[in-house]
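>>> Got a predicted structure plus its sequence, pasted below:
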Amino acid sequence: AAAPAPAAKEELLVGTEPSFAPFEFPEKDSKEFTGFDMDLIRAIAKEMGYKKCTIKNMGFDALIPAINAGNIDVSIAGFSITEERKKQVIFSQPYYKSGLAFVVRKDVNDVKKFEDLKGKTIAVQLGTTGALYGEKLKDKGSVVKTFNTSDLACMELKNKGADAVISDLPVLQYFLKNGGSEYAKLAGEPLTAEDYGIVISKKNPELAKGIDKALDALKKNGTYDKLYEKWFGS
Ligand code: GLN
């Protein structure tokens, strides 16, 4: 007998945490999310033949559990590929080179390098590599305050509830460029190099293969470069 026809690919259900501009953030005067990740996953869904790409807003720390519970198909949320996460999920091929850095309040003048954050108050986002990195300071007399979103961590700095924010460099750069430089500045050197990957359930290796194939196609046909230029070009 002939093999059954593959099920029609109706909808790709995507989870994200949209406080992470320029990767995912609310579009002005719209209910949609925009950003590099959002454009990329919509292009991937189209390339794979999905009729619809639906994007759900969730807490960052809820994304991997939602994938493993089957509530969403994939997550794209500026996720750094880490060994710890690879125990729980599959990552696509890397699609963006990122890494951690930190900003301090403009009036903080005694922080030139990461070690100078000892004794300071640092804001981070729950469940992120930045939050993990911040833990290195905990036995140095620093206070690490954890927030549900990256926006809230930056707000704490603005409100003088924190001296520094540890987050991903491109996100901090975007924040500084869009008003943040009035009260914050980059300090020290970048802390890590990290690659972003799209997150897929270990129960769905076929989907992971399909995403990698689509990424290859978009890199080859110029779509990836066009989106990169749109969001990160000068
Ligand atoms: N890249 C960081 C991580 O994977 C931060 C991601 C985010 O806050 N959306 O933990």
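Nice, I can see it. Numbers count the residues shown, from 1 in each chain.
>>> Show me which residues of the protein sit near the ligand.
17, 20, 60, 77-80, 125, 128-129, 150, 168, 194 (CB under 6 Å from any ligand atom). All C-beta atoms are positioned from the backbone trio N, CA, C, and that covers glycine.
>>> Inside helices: which ones of those residues?
Judged by DSSP state H, the subset of the residues of the chain next to the ligand located in helices is 60, 129, 150.
>>> Any chance of a ChimeraX selection covering the buried ones in these?
This is how ChimeraX selects the buried members of those, with burial counted by 16 or more other CB atoms under 10 Å:
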select :60,129,150
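>>> of the ones in helices among the residues of the chain next to the ligand, closest to Lys86?
Taking CB to CB as the measure, Thr129 is the one of those closest to Lys86, at 13.3 Å.
>>> circling back to that earlier point, would TSV of the residues of the chain next to the ligand with pLDDT be doable?
Below are the residues of the chain next to the ligand laid out as TSV (pLDDT from 0 to 100):
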residue	pLDDT
Glu17	97
Phe20	97
Phe60	97
Ala77	98
Gly78	98
Phe79	98
Ser80	98
Gln125	97
Thr128	98
Thr129	98
Ser150	90
Asp168	98
Glu194	98
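>>> For stretch 74-86, which outside residues touch it?
Contact with stretch 74-86 is made by 12-17, 20, 23-24, 37-38, 40-41, 60, 63-64, 66-67, 91, 94, 96, 98, 129, 168, 171, 194-200, 207, 211, as judged by CB atoms under 8 Å, 6 or more residues apart in numbering.
>>> Return the members of these classed as buried.
Judged by 16+ other CB under 10 Å, buried ones among these: 12-17, 20, 23-24, 37-38, 40-41, 60, 63-64, 66-67, 91, 96, 98, 129, 168, 171, 194-200, 207, 211.
>>> Could you tell me which of these are located in strands?
12-16, 91, 96, 98, 168, 194-196, 199-200 (DSSP state E).
>>> Now for the residues you listed: which two are most distant?
Counting by CB to CB, the most remote pair of those is Leu13 and Glu194, 25.6 Å apart.
>>> Make TSV from the ones in helices among the residues of the chain next to the ligand and add distance to Lys138 to it.
Output for these, formatted as TSV (distance: CB to CB, whole Å):
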residue	distance to Lys138
Phe60	20
Thr129	16
Ser150	20
